[in-house]
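Participant: Quick one: sequence plus predicted model below, questions after.
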Amino acid sequence: MADTILKELNASKLFDLQGVVAVVTGGGTGIGMMISSTLVANGATVYIIGPKQEDLDRVANTYNRASTRGKIHGIEGDVRLKAKAKRLADEIAKREEYVTVLFNNAGVGGGNFKRPSEATAAAFVAEFFDPVTQDIFDDTLRVNAVGAYWMSLAFLPLLEKWKVSDDAVARKFVPQIIMTSSMNGWTKDSATSGVSYPYLFSKSAIGHFTSTLAHELLPLGIRVNGIAPGLFPSEMSIKKKSDDCGVSYIPSGTRWGFEIPAGSTGGTRVDIGTLALFLVANHFVNGETVLIDGGTLLKHSSSY
């Protein structure tokens, strides 16, 4: 019996994702690519969603040439829009019988602003009101929070089909929606968000949506969990185009407006990848958001 137990608990068996079908919004760069590439490395078929088909094809081709197990497919789509979410679900339904896991990962920064230089109402208005446009708020909330609502509901039929499938692999993994929120959904120090209230609002919203949707979907047996990253290298964090592998790099010695105990170069693809694998493989976690911030919120006031 002991040998059976040891085989069952071997990492290569626990995280063998062959047969798994995943959808990752914003999956071609940054944290999304960290998730996508981890899933592909372990045998999954992954659909990455992004705004430009050309960019998606380039990064998908790069990984597909190197992969001996999983496969990446890119589909252009705007997650902000209800009709586009339905189109994406319909398009994937033409190619796949079901979806195992949907990662609502797409996100944008909501602008970076300056803290007032003096403690006067006029200074606060000059920094927190005058430069913040309605468009910044609208776009940030639609991409980071509202889009996750449209995508989650549009993909429920495909997730349900995974649950009722007779495939052996469907008995191994429970269907799930995983949200990428942020430590900034819980921070009390706006410096950790680049002093961006649109971004703070949107990430607070997605954090609450994670637990609420998990409760709502209990009758369907579809789990909902979240990842709350701190600083990770991405096009959003360093404001620079990623390479053909969808990878961004934070130069050594980069200074931020907040303290990261684990180091100023941020987290790595291994950090995010191992967390993604854990959530996909674990049946017993539901309605939770896992903070992965290198200890940042241990230094900065938060409600986490």
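Facilitator: Here it is on my side, so go on. Residues are numbered from 1 along each chain as shown.

Participant: So, low pLDDT: which residues of the stretch 201-304 of the chain?
Facilitator: 237-240 (pLDDT under 70).

Participant: For residue 241, the count of nearby residues, please.
Facilitator: By other CB atoms under 10 Å, the residues close to residue 241 number 9. (Glycine included, C-beta is placed from N, CA and C.)

Participant: That one: what's it in contact with?
Facilitator: By CB atoms under 8 Å, 6 or more residues apart in numbering, residue 241 lies in contact with residue 235.

Participant: That one: which element?
Facilitator: Using DSSP states H and E, residue 241 sits within no helix or strand.

Participant: From here on, call the first residue 32.
Facilitator: Happy to do that; since the first residue is 32 now, the last one works out to residue 272.

Participant: From residue 279, how far off is it?
Facilitator: 8 Å (CB to CB, to the nearest Å).

Participant: list residues touching both of the two?
Facilitator: By CB under 8 Å, 6+ apart, residue 272 and residue 279 have these common neighbours: residue 266.

Participant: could you pull out the strands for the protein?
Facilitator: Shown for the chain, the strands assigned by DSSP state E span residues 52-56, 76-81, 102-107, 132-135, 207-211, 254-260, 320-323.

Participant: For the second one, give me every contacting residue.
Facilitator: Taking contacts as CB under 8 Å, 6+ apart, the residues outside strand 76-81 that touch it are 51-60, 63-64, 67, 70-71, 87, 90-91, 101-108, 110, 119, 123, 127, 137.

Participant: Tally up the residues packed near the closest residue to residue 116 other than its chain neighbours, please.
Facilitator: Nearest non-adjacent residue to residue 116, counting by CB to CB, 6 or more residues apart in numbering: residue 181, 3.7 Å away. Other residues within reach of residue 181, judged by other CB under 10 Å, total 21.

Participant: so what's residue 181 scoring on pLDDT?
Facilitator: What the model reports for residue 181 is a pLDDT of 98.

Participant: Now do the contacts for it.
Facilitator: Counting by CB under 8 Å, 6+ apart, residue 181 touches 110, 111, 112, 113, 115, 116, 117.

Participant: most neighbours per residue, which of the strands of the chain?
Facilitator: Highest mean neighbour count among the strands of the chain (mean count of other CB atoms under 10 Å): strand 132-135, with a mean of 30.

Participant: Starting from that strand, tell me which strands it pairs with and how they run.
Facilitator: strand 52-56 (parallel), strand 207-211 (parallel) (DSSP bridges).

Participant: any idea how far residue 234 lies from residue 215?
Facilitator: Using CB to CB, residue 234 is found at 5 Å from residue 215.

Participant: Show me whatever sits in contact with both of these two.
Facilitator: The contact sets of residue 234 and residue 215 overlap at residue 224 (CB under 8 Å, 6+ apart).

Participant: who are the neighbours in contact with residue 50?
Facilitator: 74, 198, 199, 200, 201.

Participant: Let's have the contacts of residue 181 in TSV, adding distance to residue 322, neighbour count and pLDDT.
Facilitator: Converted to TSV, the contacts of residue 181 look like this (distance: CB to CB, whole Å; neighbours: other CB atoms under 10 Å; pLDDT from 0 to 100):
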residue	distance to residue 322	neighbour count	pLDDT
110	24	27	95
111	26	19	94
112	30	14	95
113	30	15	97
115	30	18	96
116	27	24	97
117	32	15	97
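
Participant: which ones among the residues you listed are found in helices?
Facilitator: 113, 115, 116, 117 (DSSP state H).

Participant: Next, count neighbours for the residue lying closest to the second one once chain neighbours are set aside.
Facilitator: Counting by CB to CB, 6+ apart, residue 109 is the residue found nearest to residue 115 once chain neighbours are left out, at 4.6 Å. When counting by other CB under 10 Å, one arrives at 17 neighbours for residue 109.

Participant: remind me, longest helix of this protein?
Facilitator: Per DSSP H, the chain has its longest helix at helix 228-247.
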